[in-house]
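Undergrad: Have a look; sequence and predicted model below, questions after that.
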Amino acid sequence: MRFIYLRICREIFMKKKFLLGLLAIILVFGTAVVGCNDGSTDNNGNGNGNGNGSDPRPASPESMSTKTAMQYFTDEGITVGINVGNSLDSVDTWTPPYSPSNPISSETAWGSPLLNQAYFNGLANLGLKIVRIPVTWMGHIGSAPNYTVDEAWLKRVAEVVNMAHNAGLKAFINIHHDGNYSHGWDGWLNITRIPTDSSIADKFEKVWTQIAEYFKNYGDYLMFQGFNELHNGDWGASGGSAQEYQILNNLNQRFTNAVRGTGGNNAARYLLYYGYCTVPMIGTDTKFVLPIDSANGTTKQVVGFHYYEPFDFAHNGEVNTWDTPAFRNSLETYFSAFKTRFTDNGIPVIIGENGPCENKAGNATAHQNRLLFIDYMYGKARENGIVPIYWETGDHTYVATLGGNANFNLINRNTGQPRNQQSREVLERMVTAVNNASPPIPGTGTAAVWESYNPNIDSNGSTAALTLASNQYIFSGSLSAVEGSYAQANFVPNAATLTAMRAMTTFSFKVTGDGKQYEVMLPTTESIVSYNHYRYRFTAPAAETTITVNVPANLSQADWGGEGVVTFIKNNIQNIQFQPVVTGTFNLKVWDIRTYQ
């Protein structure tokens with residue numbers, strides 16, 4: 001199938017095959033020498049790139065969120081990111097045993113310099129929120145039965161994670177090029193041999209146990225991904241058989257068991273799961289099954305896929321057009337399927353790798369079409385609650401891929417700056433595309449029906465009226481400047497709506513108003529006593545607008561009330577209230593309040 005053919009090209013590009021020959025190896029060592037800048041912590045994390053500095057890990061467990069993955073992604077604004085490709089995922093030889101002489105020779109094997117703090121600071125300054133840090137462990141793992149992971153390599157990975165965190169970025173690390181491929185080399189994580197070789201799955205679980213144990217004290221900003229693009233060893237294969245999915249589902253379960261089994265912060269760490277070869281069909285393919293996480297359910301799970309369509313434009317850069325009805329229909333069908341199956345059920349989705357690469361033509365038309373593609377694809381991703389993470393390679397070399405040129409480099413790895421003006425425009429467009437798109441509303445929802453609605457005011461001079469006209473609830477009056485005064489619009493649900501509210505993951509309402517700030521509140525049995533209702537603040541615009549609120553991700557507790565902090569228990573919701581925040585006169589129209597499950 002076409003999506004598999006796409007991966008032939010990309011994998012050759014990512015691995016650089018051995019097309020550069022001995023000269024490439026010589027240049028790599030040259031890069032290693034130049035890239036190593038005297039071991040300064042400013043440029044290479046805690047150590048000097050060799051993993052022989054002091055222990056870079058937190059000495060004690062860092063803060064760990066109790067939020068669901070969806071709440072965390074929403075509250076932390078994780079909307080767009082980038083891959084740190086061709087660095088820690090590199091290997092320095094193409095024949096077994098893939099043994100590097102030191103971490104530097106691995107990290108710089110494909111031409112990128114040692115990663116440094118300036119690079120990650122640059123990513124954050126561009127408005128990116130998350131980095132996927134691919135890591136290849138092959139060549140850094142000892143023999144059976146323990147499969148001991150080289151501590152120097154663990155240290156270097158930790159140094160890089162620290163740099164990302166210091167820049168304010170969230171991060172994924174994974175097991176990347178250890179998987180099996182059919183083009184000149186063969187990783188140890190070969191799913192075709194798993195049915196007859198139990199040592200492979202055993203090794204996988206033991207390696208993940210060691211990785212998880214090493215990073216156990218890291219906070220919620222560090223997430224784990226079990227594996228990369230695992231397949232049956234032949235890029236021309238189909239989308240994955242039932243047996244192959246059973247193998248991958250089992251690996252995802254072993255990954256989960258290994259991480260959770262180390263305890264500490266890993267008991268609740270966010271974990272990312274891929275299906276067969278990261279194909280986008282897992283949005284509907286029921287052969288892909290999320291693992292059992294007995295302590296957390298699905299609340300700490302994230303799902304991912306890769307997307308490089310249309311292939312000749314987004315991956316190879318061979319053509320400079322992309323906009324056809326067939327492509328738009330394909331993308332929107334895939335993205336919608338992920339929204340329906342995962343996002344709407346509280347499970348975040350990422351595109352772990354995507355394009356588009358720089359077009360081979362290199363002219364103004366091709367560049368403009370690249371920007372328009374980003375507007376469309378990244379916007380649609382955001383509308384469906386999907387986080388796109390660009391595949392960026394950190395070098396300036398065009399690498400031949402089946403007759404085409406694919407250049408995914410946008411950023412100078414030494415400085416963290418865009419490599420040219422066109423790269424800057426691409427990066428800025430990624431951020432603005434997701435910022436300008438509306439977050440998802442899960443389906444059509446259920447219209448709320450009220451048993452009663454009424455104004456509620458204090459005795460300190462506030463006034464309020466709540467009337468219904470043309471299906472709009474008009475809430476108007478004045479809010480006194482006296483401390484503790486309030487004016488509320490109370491909507492008491494009927495039995496069916498109350499049940500829907502207590503089960504909702506999202507609610508929405510349409511609104512127009514006076515440009516002032518309001519809050520919508522969800523009183524619960526507990527908060528009614530203390531007046532510390534959980535709320536969402538918004539500004540009422542003059543033009544009709546739909547406000548969407550994720551529950552409880554977008555809610556915060558009121559900072560007043562006499563009984564202190566209370567826990568939000570959705571099953572104890574009593575009603576819904578609207579209240580002005582700014583003293584003085586107010587006028588707000590609210591209608592079409594809907595709940596979504």
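TA: Looks like it arrived, so ask away.
Undergrad: Quick one: low-confidence residue ranges for this structure.
TA: Scanning the chain for pLDDT under 70 picks out the ranges 1-48, 92-101, 180-186, 233-240, 395-405, 441-443, 528-531, 558-565.
Undergrad: Could you break it into its assigned domains?
TA: 2-436, 446-596 (automatic domain parsing).
Undergrad: can I get the ones you listed in a markdown table with mean neighbour count?
TA: C-beta coordinates here come from the backbone N, C-alpha and C atoms, glycine included. Shown next, in a markdown table, are the domains of the chain (neighbours: other C-beta atoms under 10 Å):
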| stretch | mean neighbour count |
| --- | --- |
| domain 2-436 | 19 |
| domain 446-596 | 17 |
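Undergrad: Please save the CA atoms from the helix or strand hosting Val131 in PDB.
TA: If you go by DSSP states H and E, Val131 is part of strand 130-133. Below are the C-alpha coordinates for strand 130-133, written out as PDB (Å, rounded to 0.1, in the frame of the first residue of the first chain):
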ATOM      1  CA  ILE A 130       7.000  19.400  23.100                       C
ATOM      2  CA  VAL A 131      10.000  17.600  21.600                       C
ATOM      3  CA  ARG A 132      10.100  13.900  20.700                       C
ATOM      4  CA  ILE A 133      13.600  12.700  21.300                       C
END
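Undergrad: Would you list the strands that it pairs with, along with their directions?
TA: strand 81-83 (parallel), strand 170-174 (parallel) (DSSP bridges).
Undergrad: what's the helix or strand for Asn435?
TA: Judged by DSSP H and E, Asn435 forms part of helix 421-436.
Undergrad: contacting residues around that helix?
TA: With contacts defined as C-beta atoms under 8 Å, 6 or more residues apart in numbering, helix 421-436 is touched by 79-80, 126-128, 358, 367, 370-371, 374-375, 377-379, 381-382, 388, 390, 409-411, 418.
Undergrad: mind exporting it as PDB, just the C-alpha atoms?
TA: Extracted as PDB, the C-alpha positions of helix 421-436 are listed here (Å, rounded to 0.1, in the frame of the first residue of the first chain):
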ATOM      1  CA  GLN A 421      14.100  32.900   6.400                       C
ATOM      2  CA  GLN A 422      12.000  30.200   4.700                       C
ATOM      3  CA  SER A 423      12.700  27.900   7.600                       C
ATOM      4  CA  ARG A 424      11.600  30.600  10.000                       C
ATOM      5  CA  GLU A 425       8.300  31.000   8.100                       C
ATOM      6  CA  VAL A 426       7.700  27.300   8.100                       C
ATOM      7  CA  LEU A 427       8.200  27.100  11.900                       C
ATOM      8  CA  GLU A 428       6.200  30.200  12.600                       C
ATOM      9  CA  ARG A 429       3.400  28.900  10.400                       C
ATOM     10  CA  MET A 430       3.200  25.600  12.400                       C
ATOM     11  CA  VAL A 431       2.600  27.500  15.600                       C
ATOM     12  CA  THR A 432       0.100  30.000  14.200                       C
ATOM     13  CA  ALA A 433      -1.800  27.300  12.400                       C
ATOM     14  CA  VAL A 434      -2.600  25.500  15.600                       C
ATOM     15  CA  ASN A 435      -3.200  28.700  17.500                       C
ATOM     16  CA  ASN A 436      -5.700  30.000  14.900                       C
END
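Undergrad: Might you calculate how far it sits from the centre of the chain?
TA: Relative to its parent chain, helix 421-436 has a centroid offset of 17 Å by C-alpha atoms, centre = their mean, to the nearest Å.
Undergrad: quick revisit: got the strands paired with strand 130-133 as TSV, with distance to Tyr307 columns?
TA: Below are those laid out as TSV (distance: least, C-beta to C-beta, whole Å):
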stretch	distance to Tyr307
strand 81-83	13
strand 170-174	17
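Undergrad: Quick one, which of those gets closest to Pro440.
TA: strand 81-83 (18.0 Å; C-beta to C-beta).
Undergrad: Contacts for the closest one next, please.
TA: 123, 128-134, 169-170, 350, 352-353, 387-392, 410-411.
Undergrad: ditto for stretch 439-450
TA: For stretch 439-450, contacts defined as C-beta under 8 Å, 6+ apart pick out 339-340, 343-344, 382-385, 491-494, 496-497, 500-501, 505-508, 546, 548, 576, 592-597.
Undergrad: now do the same end-to-end measure for that stretch.
TA: 27 Å (C-alpha to C-alpha, to the nearest Å).
Undergrad: Give the next helix or strand downstream of the helix holding Asn435.
TA: Using DSSP H and E, the helix or strand that follows helix 421-436 in sequence is strand 446-447.
Undergrad: What strands line up against that next one, and which way round?
TA: strand 584-596 (antiparallel).
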